[in-house]
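Peer 1: Sequence below, structure please.
(chains A and B)
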Number of protein chains: 2
Amino acid sequence: MNQTPPAGRHFLQIPGPTNVPDRVLRAMDYPTIDHRGPAFAGLGRACLDGMKTIFQTTAGRVFIFPSSGTGAWEAAIVNTLSPGDRVLMFETGHFAALWRKIATQFGLVVDFVPGDWRHGIDPAAVESKLRADATHAIRAVFCVHNETSTGVTSRIGEVRRAMDAAGHPALLLVDTISSLASIDYRHDEWGVDVTIAGSQKGLMLPPGLSFNCASPKALTASKTAKLPKAFWSWEEMIAPNDTGYFPYTPATNLLYGLRESIQMLVHEEGLENVFKRHDRHAEAARRAVRAWGLELLCLEPREYSSALTAVLMPEGYAEADLRQVILQSFDMSLGAGLSKVAGKVFRIGHLGDFNDLTLMGTLCGVEMGLAKAGIPFRKGGVDAAMEYLTAEPRPTAKQAKAA
Amino acid sequence: MNQTPPAGRHFLQIPGPTNVPDRVLRAMDYPTIDHRGPAFAGLGRACLDGMKTIFQTTAGRVFIFPSSGTGAWEAAIVNTLSPGDRVLMFETGHFAALWRKIATQFGLVVDFVPGDWRHGIDPAAVESKLRADATHAIRAVFCVHNETSTGVTSRIGEVRRAMDAAGHPALLLVDTISSLASIDYRHDEWGVDVTIAGSQKGLMLPPGLSFNCASPKALTASKTAKLPKAFWSWEEMIAPNDTGYFPYTPATNLLYGLRESIQMLVHEEGLENVFKRHDRHAEAARRAVRAWGLELLCLEPREYSSALTAVLMPEGYAEADLRQVILQSFDMSLGAGLSKVAGKVFRIGHLGDFNDLTLMGTLCGVEMGLAKAGIPFRKGGVDAAMEYLTAEPRPTAKQAKAA
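Peer 2: Purely as a prediction, here's the structure:
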């Protein structure tokens, strides 16, 4: 390190963990309290209730684990399934592949539909796969809502309709780790049985909390699921949660932070505005990428992610070199290409606590980094993004209510 | 307010108070300790000694007041002068005029050399004024190093040489409130007698601390100065300061923050790199302004400020409208035009805890704001700044040492 220690704020523009707002940091900065004492119940209930709003559920039940998102995947599996159960999964990217690995480790039999990492889940493939399963051997369909590795958002509402069209009773399990509270997601309306989420992306918290949101059907399934469980057991959570407590020690200070982020997202900005803000920044980022003459990894406009943008490097140029130049010269972290797209793709995170000028700083960093790293590109990406942001009014709470 | 509560960080780009680094906020976030107890002495000494390095003095003595910068002006006056003393001042802008007012309130007789608010102090005028004062009636020359209202930096080294050329014994008092720890400033080398400073600009602290740095000659003058003083008295500070204490209650938590900012500025980034960083960002900002077809208020390239850039509005357009659009649409605060340039000038602060991408976010906010407010301008300012930042390597500690 012969770099000057950086002045100013680091630009953390990986697609999560995201920038934690000062208010959330401050909210966590209080003494840890007795998690069995009377003061705790209000905190526990505020978090559990607030998360129902964020999952857009009234019928569902929320579980909060002191773990990272991978744990919430495991929890979803061990609470609803039994060894040898068949499940249907889709190769949308790196995180879908990781989820398949966990399923295999628990003895599930996975039908993994191959994908090109440039599209989301094909609802027609869901329907044909389920129609072909006349005996209803498939117990669950696993989907990643927003593939953090590719910047592709699958259309979960259409997946649900495909399942209904096939008349298949499989459970629908959806990973929203990089979409919840950034991209519109509707647990009840889309008939999802288990939603999986984490604290470190749209919820604007440090890593360390993960979530399941379970439908009544999932809760019923949990009564007969035979995979062994203790830490992840929904059943042991239910009674203490009803009064705002947890069966074991919760991550109290992260819950302080969650209460504050719920306040900001739900009660101040409003979820609808949060989604519009993310949509707007994503569109500005895509316009920049196109103006640079670079290619988006996502090939389906209906599946563009509002949380991140994955960009293909020109042939013969390694993304790691670009990211290193940008980190060293401009103190910004961008996401690497993962597994199948390693070396070929870099990812711009534009989710969480983020605004127009931070987006513009980010896009300036990419444009200057492309120049400094000697990557062939056209200037004008920043200009294209400014053009869009200037023309497009920032959504206001008032407008959102009128809409 | 029908605006959505803003997401992401506010861009505080007034020319001070500046953005306080997270590290400094955290450093202040410890319990207030006994200011007479043994633990305090180390804190007091670290601050007093560190500030000597920042003032670039070995012969001088530093005084720290729990006050804003205006108090440090008053302290400089009451410790060195007597009622009826004649002083020489220069109308470089709003803050020079405010300082004149304070001098008048203490019964000093001010010779106020008029200025056009677009130039710094003319060293030739200093020399001729002092040569004309054959009886040495003028007791002090008051200068503002960096005029926060105009973005003009006076050449204090040349002012000193002018005083020496005139062979005049007047004290030299210099306000560095918006330059210290941002723009190269040399208390000893330039023979300054009292330097005045504040915490809320280059030192990256909240407002609430102010400073005097006094030369041996100023300390001698303080022994006969007859203006009444208690709170501001240097004399009462000296003995307690020698062991790291203060005669009255100091602003302990701000001193925690100061110790941390000294660590960052002096021991980590290094003052030389801090100055280069500010010079570089200022040059990028000026290139943007010129590319927009707008006019810099400062007319003398040798006097361009590295802390802020003041920009003239096109005739017939009010700066307040532009700043309002930028605040509402892009959540950025810029500096207003003050007194004589009210309505005509806006100011971009680029000092303190600041980096390339925050500068670019700032300049994007100005460019988009100009468009949204319907101000006549040419696009391309952001591009011009990126061009400069890409070509110009970020100075590193290693390079600085080699240079």
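
Peer 1: When you work out contacts or count neighbours from here on, use the C-alpha atoms and nothing else.
Peer 2: Fine.

Peer 1: Counting by contacts, list what the biggest helix by length in chain A packs against.
Peer 2: Counting residues, the longest helix found in chain A (DSSP state H) is helix A:271-291. Packed against helix A:271-291, as judged by 3 or more CA pairs under 8 Å, 6 or more residues apart in numbering or on different chains; DSSP states H and E, are the following elements: strand A:295-296, strand A:308-312, helix A:356-372, helix A:381-391, helix A:397-402.

Peer 1: try 6 Å this time
Peer 2: Other helices and strands packing on helix A:271-291, by 3 or more CA pairs under 6 Å, 6 or more residues apart in numbering or on different chains; DSSP states H and E, are helix A:381-391.

Peer 1: So which bits of the helix it packs on are buried?
Peer 2: Within helix A:381-391, the residues that count as buried by 16 or more other CA atoms under 10 Å in any protein chain shown are A:Gly381, A:Val382, A:Asp383, A:Ala384, A:Ala385, A:Met386, A:Glu387, A:Tyr388, A:Leu389, A:Thr390.

Peer 1: and the two most separated of the residues you listed?
Peer 2: Spatial extent of these (CA to CA) is set by the pair A:Gly381 and A:Thr390 at 14.2 Å.

Peer 1: pLDDT-wise, which helix or strand of chain A ranks last?
Peer 2: helix A:397-402 (a mean of 41; mean pLDDT, DSSP states H and E).

Peer 1: still on that earlier bit, out of the buried residues of helix A:381-391, which is nearest to A:Leu254?
Peer 2: A:Leu254 has its nearest neighbour among those in A:Leu389, at 33.9 Å by CA to CA.

Peer 1: The residue lying closest to that closest one once chain neighbours are set aside: how many residues sit nearby?
Peer 2: Nearest non-adjacent residue to A:Leu389, counting by CA to CA, 6 or more residues apart in numbering or on different chains: A:Ala284, 6.8 Å away. Neighbourhood size, A:Ala284 [other CA atoms under 10 Å in any protein chain shown]: 25.

Peer 1: Ok, A:Arg45 next?
Peer 2: Neighbour tally, A:Arg45, other CA under 10 Å: 17.

Peer 1: Roughly how far does it sit from chain B?
Peer 2: 25 Å (CA to the nearest CA, to the nearest Å).

Peer 1: re the thing from before, tell me the angle the longest helix of chain A makes with helix A:356-372.
Peer 2: Relative orientation of helix A:271-291 and helix A:356-372, computed by axes from the mean of the first three to the mean of the last three CA atoms, to 10 degrees: 20 degrees.

Peer 1: From B:Arg100, how far off is whichever residue of the stretch 101-250 of chain A sits closest to chain B?
Peer 2: Evaluated by CA to the nearest CA, the stretch 101-250 of chain A has A:Met204 as its residue closest to chain B, separated by 10.3 Å. Here the criterion is CA to CA, to the nearest Å. By it, A:Met204 lies 49 Å from B:Arg100.

Peer 1: coming back round to it: averaged over its residues, what pLDDT does the longest helix of chain A have?
Peer 2: Helix A:271-291 comes out with an average pLDDT of 98.

Peer 1: In chain A, what residue spans correspond to strands?
Peer 2: A:11-13, A:61-65, A:86-90, A:109-113, A:138-144, A:146-147, A:152-153, A:171-175, A:194-198, A:210-214, A:295-296, A:308-312, A:332-334, A:345-349 (DSSP state E).

Peer 1: Give me the below-cutoff pLDDT ranges for the stretch 301-403 of chain A.
Peer 2: A:392-403 (pLDDT under 70).

Peer 1: How about the contacts made by the most centrally placed residue in chain A?
Peer 2: What sits nearest the mean C-alpha location of chain A, by CA atoms, centre = their mean, is A:Ser178, with 1.2 Å. Counting by CA atoms under 6 Å, 6 or more residues apart in numbering or on different chains, A:Ser178 touches A:Lys201.

Peer 1: do A:Gly257 as well
Peer 2: By CA under 6 Å, 6+ apart, A:Gly257 lies in contact with A:Val24, A:Ala27, A:Met28.

Peer 1: which among those end up buried?
Peer 2: By 16+ other CA under 10 Å, these give A:Val24, A:Ala27, A:Met28 as buried.

Peer 1: This completes my enquiry, with thanks.
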